[in-house]
Structures are given as structure tokens and as C-alpha cells.
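In: Have a look; sequence and predicted model below, questions after that.
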Amino acid sequence: MAEPSAAGAPCDVAVVGGGLAGITAALRLADAGRQVTLVESRPRLGGAAFSFPRTAAGVELTVDNGQHVFLRCCTAYRALLARLGVGDRVHLQRRLDIPVLHTDGRRGRLARTPAVPAPLHLSRSLAGYRLLSVADRVRAARGALALRSLDPDDRSLDSRTLGAFLGEHGQSPAVVDALWGIVATATLNLPPEQASLQLAAKVFRTGLLDHADAGDIGWAAAPLGHLHDAAARAALAAAGVRLLLGCAARRIEPGTVTVAARRGAAAPFTLPAPEVVLAVPHAAVDGLAGLVVEPLGSSAIVNVHVIYDRAVTDLPFAASVGGTAQWVFDRTTSSGLAAARPGWQYLAVTVSAADALLQVPSPQVQRAVVAELSALFPAADRAEVLAAFVTRERHATFRQAPGSNTARPGPATGVPGVWLAGAWTATGWPDTMESAVRSGNAVADALLARGADRIPVHEGAPA
Ligand SMILES: Cc1cc2nc3c(=O)[nH]c(=O)nc-3n(C[C@H](O)[C@H](O)[C@H](O)COP(=O)(O)OP(=O)(O)OC[C@H]3O[C@@H](n4cnc5c(N)ncnc54)[C@H](O)[C@@H]3O)c2cc1C
């Protein structure tokens with residue numbers, strides 16, 4: 001942590017919040033020649049996408065707070081990773097290919113056919129999708145065309161739910177559960193019957209139906225902290241950004257930020273900064289700068305982490321239908337387990353839209369998920385569970401219900417010198433890493449445009 005005397009040195013721009021939005025904004029502004037100070041209340045960068053150490057079954061692991069996934073179409077996030085020098089620390093499928101496992105033992109696969117343009121790239125896979133009856137497969141194809149006809153910029157869609165739309169277009173509950181819900185719940189963190197149709201239109205058009213390769217799935221090959229904390233710190237320092245970690249902004253007034261170190265007895269100090277980018281969660285904005293943002297609510301994500309005494313699946317990940325688990329990821333290598341205990345396996349199970357699970361005691365959640373894993377992977381039934389634990393993120397994303405997308409503010413505020421960024425701001429994307437990075441780019445663009453010295457967005461993500 002920097003000493004207050006050095007920490008309080010004047011800068012051109014103070015960025016408050018060191019999640020992906022703040023990291024992006026700070027880097028862009030520093031690259032454009034601005035003196036930037038980044039103030040982050042936690043002792044690390046990365047915000048909502050982070051890792052922590054945890055000993056499980058006697059092994060020191062690096063655990064992600066929640067499995068994070070991106071798509072090939074997440075060009076801004078991928079460009080940020082490239083800028084941070086960690087573009088090669090992720091897996092990105094050559095072709096969308098999702099094994100879908102039902103707890104009743106049925107198996108399906110959603111994959112795109114190579115060299116076939118959208119939207120036909122999914123037709124072959126849909127025609128053979130064993131989790132749906134033949135009649136439902138035909139319904140699903142009609143549903144895809146209906147979703148493709150939606151305009152993500154049409155604000156009237158934000159007054160309706162995805163579930164109502166799918167029902168109006170003949171999508172049976174089976175199609176919703178075994179197809180549209182797999183994608184929608186993971187990306188919107190709400191079930192289809194509660195999610196904004198406008199945000200769903202963005203997900204399905206941009207992520208799946210407009211371009212054949214858009215939905216190829218990516219995920220971190222290293223702990224999130226390596227990408228979003230260690231690599232970001234190094235890149236920010238190299239760009240000349242002054243980092244104040246463990247320091248919270250308490251008040252923002254024209255030209256100054258009052259900052260307090262979270263640990264230690266140091267008195268609050270002022271940071272002179274003519275421009276301030278607030279890249280904090282929406283609930284943290286109120287009261288900081290006299291700004292009031294519309295409440296956006298939140299929805300939870302729960303992860304269940306299970307360590308087995310042997311390998312129970314060779315799939316890197318799978319979607320799951322018919323129970324509590326929604327996605328299962330193999331984190332054996334990235335967590336450090338493979339190196340410490342060759343032959344063991346670490347599966348991380350994601351449950352999105354998990355508000356109801358918040359009240360359920362962890363042992364009960366673990367038991368339910370471990371039983372489901374035995375149903376999904378026969379080898380798991382014969383394996384010993386060496387450790388299991390639950391991580392809960394109560395406010396994982398804003399509540400992406402009807403009305404929420406329209407309520408998101410842009411980067412400019414009515415307060416001179418105060419700007420907004422964050423995955424929750426008006427990027428058009430759902431509350432995701434891509435949205436966070438886009439918001440950081442947008443605020444940097446807006447701020448720099450005033451000085452008439454716009455700089456190009458970080459390029460570098462491979463097509
Ligand atoms: C469990 C989980 C799973 C997820 N899965 C996915 C996924 O698969 N794919 C995907 O794309 N997205 C996923 N997300 C969403 C994604 O993590 C977020 O959209 C994104 O990281 C938000 O970034 P941000 O910079 O906007 O905000 P945040 O990451 O929330 O950063 C805000 C920062 O501001 C800091 N701060 C707050 N108040 C102050 C203050 N007063 N002074 C200084 N600092 C302050 C906070 O400490 C925080 O570091 C998931 C989120 C969670 C929690």
C-alpha cells in the first residue's frame with residue numbers, strides 16, 4: 001500500500017474501483033498520456049472475478065470465486081487479456097461444442113458444424129439433440145429464427161421477459177429447460193421467465209445466432225487472480241498508473257477524492273484529481289459523489305467445489321440439466337491440484353440465478369450437488385469425495401429483469417468531472433467481463449474525446 005503522502009500526489013484522473021472496468025479505463029487513459037491513480041478498496045485487483053487460496057483435502061489450492069466463461073465474440077475482454085500479456089492463459093474452443101448431460105442419464109451435444117454460416121451452423125446439432133423430442137427440435141429451430149428476428153437495440157423489448165417471448169413462439173418447457181435456459185440463465189443470471197428480453201436478444205443474437213464462431217467458449221487456464229490481479233498490476237505499473245490498493249474512496253468533491261486506508265490508523269487523505277472515474281458496483285455509487293443511480297438489484301451465483309480421489313470425467317466442462325447444477329468445469333490443473341496430487345480431480349459446479357440457494361445450509365447444497373455429479377458421471381459414484389465446499393456471491397450481477405437495461409446510465413454524469421464505468425452501466429451487454437471492459441473503454445473514449453485526443457481501443461485479440 002502506498003504511503004498517504006505519495007498517495008495523495010495530484011493526478012489527471014483518479015479511477016475508483018480496480019475491477020475489469022477500472023483496470024481497462026486506467027490503462028487506456030495512461031496509454032493516452034494521462035497521469036492516473038487507481039484507488040481500490042480491496043488489497044487486490046480484479047473485483048468480482050478473483051481467486052483466493054484455500055486448503056482442501058490437505059492441498060493448497062488457488063480457487064476462483066466463481067467459474068468465469070467468455071465467448072469468442074467478447075473481443076474487448078480478449079483484447080484486454082492480450083494487453084495484459086495473458087492472452088495465452090485462456091482456453092478458447094476451436095468450435096462451439098457443449099456436452100449437455102441430464103441427471104436422468106441422457107446425453108446431448110450442442111456443437112456448431114464447421115464451415116457452415118449462421119444461423120445454419122447449429123442446425124445439424126439441433127436435429128440430433130437427444131435431450132429433446134423430434135417435435136421439440138422443430139420447435140427449437142423456429143425459436144432460433146424468432147430470436148434472430150429481435151433487435152437488441154429495441155428498447156421496447158426491455159419491458160418483456162424472455163420466457164414470455166419463448167412461450168408466445170411455441171417453445172415448450174422442455175425446449176426452454178434443455179436449450180434456451182442453458183444459455184440464458186448462465187449469461188443473464190436469471191431464469192428465462194424473469195430475464196429482460198432485450199438483454200436476451202443481445203445474448204442470443206451476438207453470442208450465438210448472428211455469426212457462426214461467435215459462441216465458441218473460452219475460460220481461464222490459470223486462476224483468475226493471475227490474469228486480473230497479478231498481470232493487471234504489472235501492466236498498470238508499467239504504464240505508469242499509481243496503484244492505491246486497500247484504500248477506499250470515501251467522498252468525491254469537485255477536484256478531490258477523499259481516500260481512507262482500510263487497515264491501519266492512517267488518517268484519510270485527499271487526492272487532487274480534476275477527473276474521477278467511478279468504476280465501482282452500482283450499489284456503491286450512491287453517496288460517493290452526490291450521484292443517485294436507479295437501483296438495479298442483484299442476483300446471486302453459487303459455486304460448489306468438489307475434490308475427488310480420482311478422475312471422474314475427461315470433459316473440460318459440461319452443461320447439466322435436470323437438477324441444481326447448471327455447469328461443471330474441471331479445475332484440476334488451474335487450481336494447482338494436478339501438480340500437487342496427480343490423479344485427483346477438482347470439479348467446480350456453477351449455479352446461476354441462485355438467490356433461493358442462499359438460504360440453504362452449505363452441507364445440504366454440497367450433498368445435493370455431489371449426488372447429482374454421481375448421476376452425471378458414473379465414475380463419480382465410485383470415487384471418494386475428499387473435500388467439498390461452497391462459495392456464494394450474493395450480488396454477483398445486477399438483476400437483469402425487465403426495465404433494468406433501460407435504467408443503466410452511460411459514462412457521463414450530471415456532475416462535472418465525475419464519470420461512470422462498470423459492467424452494470426449502459427453497454428448493451430449483460431453484466432459480464434465483456435461489459436466491464438467495454439464500459440472502461442467507453443469512459444476512456446468519452447473522457448479523452450473532450451481533450452480531442454481520442455486513442456484507439458486496445459487491439460490485439462485474435463479474430
Ligand atoms: C461468481 C461470479 C461468476 C461470474 N461469472 C461470469 C462469467 O462466467 N462470465 C462473465 O463474463 N462474467 C461473469 N461474472 C460477472 C463479472 O465478474 C462482472 O460482470 C465483472 O467482473 C464486473 O467488473 P466491474 O469492474 O464492472 O466491477 P467489479 O468487479 O465489481 O469491480 C468494482 C471494484 O470497485 C471496488 N470498490 C467498491 N467501492 C469502492 C470504493 N469506495 N473505493 C475503492 N474501491 C471500491 C470493489 O472492491 C471492486 O474491486 C460473474 C460474477 C461472479 C461474482
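Out: Thanks, I have the structure now.
In: CA only for contacts and neighbour counts going forward, please
Out: Will do.
In: contact partners of the longest strand seen in the chain?
Out: Secondary structure of the chain per DSSP state E: the longest strand is strand 385-397. Residues outside strand 385-397 that contact it (CA atoms under 8 Å, 6 or more residues apart in numbering) are 48, 56-57, 65-66, 189, 298-309, 355, 358, 362, 365-366, 424, 431-432.
In: Report the next helix or strand after that strand in sequence order.
Out: Sequence order places helix 404-407 as the next helix or strand after strand 385-397, per DSSP states H and E.
In: give me every residue that touches G322.
Out: G322 neighbours (CA under 8 Å, 6+ apart): H102, T103, D104.
In: which among these are in contact with the ligand?
Out: Among the contacts of G322, no residue is within reach of the ligand (CA under 6 Å from any ligand atom).
In: between those, which is nearest L373?
Out: Nearest to L373 among the contacts of G322 is T103, at 8.3 Å by CA to CA.
In: residues near that closest one, how many?
Out: T103 has 19 neighbours, counted by other CA atoms under 10 Å.
In: Model confidence at it, what's the number?
Out: Note on T103: pLDDT of 97.
In: got a list of what it touches?
Out: Contacts of T103 (CA under 8 Å, 6+ apart): S320, V321, G322, G323, E372, A375, L376.
In: Do a quick rundown of the helices in the stretch 301-450 of the chain.
Out: Here the stretch 301-450 of the chain has its helices, by DSSP state H, counting those that start in this stretch, at 337-340, 362-376, 378-382, 404-407, 433-450.
In: Stretch 313-320: how far from the chain's middle?
Out: 19 Å (CA atoms, centre = their mean, to the nearest Å).
In: got it, and stretch 344-354?
Out: 15 Å.
In: Could you do stretch 235-253 as well?
Out: Offset of stretch 235-253 from its chain centre (CA atoms, centre = their mean): 23 Å.
In: Please could you give me each C-alpha atom of it, formatted as PDB?
Out: Extracted C-alpha coordinates of stretch 235-253, given in PDB (Å, rounded to 0.1, in the frame of the first residue of the first chain):
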ATOM      1  CA  ALA A 235       0.700  -3.800 -16.800                       C
ATOM      2  CA  LEU A 236      -0.700  -0.800 -14.800                       C
ATOM      3  CA  ALA A 237       2.700  -0.200 -13.100                       C
ATOM      4  CA  ALA A 238       4.500  -0.400 -16.500                       C
ATOM      5  CA  ALA A 239       2.000   2.100 -17.900                       C
ATOM      6  CA  GLY A 240       2.800   4.500 -15.000                       C
ATOM      7  CA  VAL A 241      -0.500   4.100 -13.100                       C
ATOM      8  CA  ARG A 242      -0.200   4.800  -9.400                       C
ATOM      9  CA  LEU A 243      -2.000   2.000  -7.500                       C
ATOM     10  CA  LEU A 244      -3.600   2.600  -4.100                       C
ATOM     11  CA  LEU A 245      -4.700  -0.900  -3.000                       C
ATOM     12  CA  GLY A 246      -6.500  -1.300   0.300                       C
ATOM     13  CA  CYS A 247      -7.700   2.300   0.000                       C
ATOM     14  CA  ALA A 248     -11.400   3.200  -0.200                       C
ATOM     15  CA  ALA A 249     -12.700   6.400  -1.700                       C
ATOM     16  CA  ARG A 250     -15.000   7.900   0.900                       C
ATOM     17  CA  ARG A 251     -16.100  11.100  -0.700                       C
ATOM     18  CA  ILE A 252     -15.800  12.800  -4.100                       C
ATOM     19  CA  GLU A 253     -16.000  16.600  -4.400                       C
END
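In: rewinding a little: right, is the longest strand of the chain up against the ligand?
Out: Yes - Strand 385-397 is in contact with the ligand by CA under 6 Å from any ligand atom, via E393, A396, T397.
In: about what we covered before: with respect to L20, which of the contacts of G322 is nearest?
Out: Set against L20, the nearest of those by CA to CA is H102 (34.5 Å).
In: ok, so what distance separates the closest one from E253?
Out: 55 Å (CA to CA, to the nearest Å).
In: Check A356 too.
Out: Distance from A356 to E253, by CA to CA: 40 Å.
In: Which one's more surrounded, these two?
Out: The neighbour count for A356 versus E253, taken as other CA under 10 Å, is higher for E253 (18 against 9).
In: Grab the nearest non-local neighbour of the more buried one.
Out: Ranked by CA to CA, 6 or more residues apart in numbering and with sequence neighbours excluded, the top spatial neighbour of E253 is A289, at 6.4 Å.
In: do you know how far the one you found is from W419?
Out: Using CA to CA, A289 is found at 10 Å from W419.
In: Which of the two has more residues huddled nearby?
Out: More crowded of A289 and W419, by other CA under 10 Å: W419, with 21 against 18.
In: Residues in a beta bridge with that one, which ones?
Out: Applying DSSP bridges to W419 gives these bridge partners: V277, A412.
In: Is it correct that it is in contact with V277?
Out: Yes - W419 is within contact range of V277, at 4.6 Å (criterion: CA atoms under 8 Å).
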